[in-house]
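Trainee: structural data only, the sequence is not supplied:
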């Protein structure tokens, strides 16, 4: 009978921080009346991070995976939004001359 030698316990560490800057570029288009779809691309640059003594951070929430020891991160996102029409716009009719 073989036994697994993998660690299954979580390790908690307080005081870990990371600071990064982020550039987001995107587009949004109206598919139907009041229904919008958007796409965006994100470029992140990690400025600082604190690491535990005995291992490296492998994931920073909001930044993404960090196990490849690079300071650059990329990502993408999409949105699907519906604009609730709370009031109806009144059309202004130009006076006839």
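Mentor: Cool, the structure landed. Note that the structure is predicted; figures quoted are calculated from it, not measured.

Trainee: test my guess that residue 47 contacts residue 19.
Mentor: Yes - counting by Cβ atoms under 8 Å, residue 19 is a contact partner of residue 47 at 4.7 Å. Yep, even glycine has a C-beta here, placed from its N, CA and C like the rest.

Trainee: distance of residue 24 from residue 12?
Mentor: 32 Å (Cβ to Cβ, to the nearest Å).

Trainee: spatially central, which residue of this structure would that be?
Mentor: residue 62 (6.0 Å; Cα atoms, centre = their mean).

Trainee: could you check the pLDDT of residue 11?
Mentor: We have a pLDDT of 69 for residue 11.

Trainee: to clarify, my last question referred to residue 66.
Mentor: Looking at residue 66, its pLDDT stands at 74.

Trainee: pull the contacting residues for it.
Mentor: Residues near residue 66 by Cβ atoms under 8 Å, 6 or more residues apart in numbering: 46, 49, 56-60, 73.

Trainee: which of the residues you listed lies closest to residue 40?
Mentor: residue 73 (14.3 Å; Cβ to Cβ).

Trainee: show me what contacts the closest one?
Mentor: Here residue 73 is in contact with 20, 42-46, 63-66 (criterion: Cβ under 8 Å, 6+ apart).

Trainee: please indicate which of those residues are buried?
Mentor: 20, 42, 44, 46, 63, 66 (16 or more other Cβ atoms under 10 Å).
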